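S.K.: Give the three-dimensional model of this entry:
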Amino acid sequence: MSELRFLIVANSENRVRQTVLIRAGVALLYAHWEGFVKSSAHLYFEFVAMQRCRNAELADNVLAITLRSKLLVAQGSKRIGAHLSIIEFFRQHMEKRATLPKKDVFSTEGNLSSCVLVEILSTLGLPTTDYKAKFHLIDNQLVAKRNHIAHGSALTVDSEGYLKLHDEISGLMTLFRNQIENSAVTRDYLLNPAGTGPK
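M.R.: Numbers count the residues shown, from 1 in each chain. Take a look at the predicted model:
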């Protein structure tokens, strides 16, 4: 992405080439954004799973993920058995080692919009405050323009707009990385991070 940014600046005299580079840049910038957020979130949950915590030790957002499949079954069922399995979990499995799912924890739903980002942040137990001012940028400058370009629309983005978008999205990826690293270090995946942690 840094090399592409350099090429866009270097080709300011050749408008046709610069336009092609910018269109490619928007598509690739979005791909990096979606891929980075999704991959980092999965890796964080793999890290949490490796901590061998008991269900009772987990923060609410992590415990919700361990229960998600049971909750989905219970939601779509009128049978008491599906509901009793949730009660059984709380009665008999809270002191057992947690089993976090390895697949389908996070979905970008085809577009990593601000709404999808909030869902991922909530699943990770991360604050959304620092992203709110960038929701319009994510939805209208990145996702919408990427969709137009990916579907062949003759949308053009000027170099100044692209460079700003590149820097803003790079900043958001850095913010996301820092939040995940901090959450791992401070053990925010635990219900009581200041406590003794997993046994």
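S.K.: How about the secondary structure of residue 94?
M.R.: On the three-state scheme (DSSP: H, G, I helix; E, B strand; the rest coil), residue 94 is labelled coil.
S.K.: which residues sit in contact with it?
M.R.: Contacts for residue 94 (Cβ atoms under 8 Å, 6 or more residues apart in numbering) come out as 54, 55, 56. In this view, the C-beta of every residue, glycine as well, is placed from N, C-alpha and C.
S.K.: Same list (these) but as CSV, adding secondary structure.
M.R.: Converted to CSV, the contacts of residue 94 look like this (three-state DSSP):
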residue, secondary structure
54, strand
55, helix
56, helix
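S.K.: And those, which of them are buried?
M.R.: With neighbours counted by 16 or more other Cβ atoms under 10 Å, those contain buried members at residue 55.
S.K.: quick one: which of the contacts of residue 94 is nearest to residue 137?
M.R.: Here the nearest of these to residue 137, counting by Cβ to Cβ, is residue 55; it sits at 38.6 Å.
S.K.: wait, is residue 162 part of a helix?
M.R.: Yes: per three-state DSSP, residue 162 lies within a helix segment.
S.K.: Show me where the chain has its strands.
M.R.: Taking DSSP state E, the chain contains no strands at all.
S.K.: By residue count, which helix of it is the longest?
M.R.: The residue-count maximum for a helix in the chain (DSSP state H) belongs to helix 15-50.
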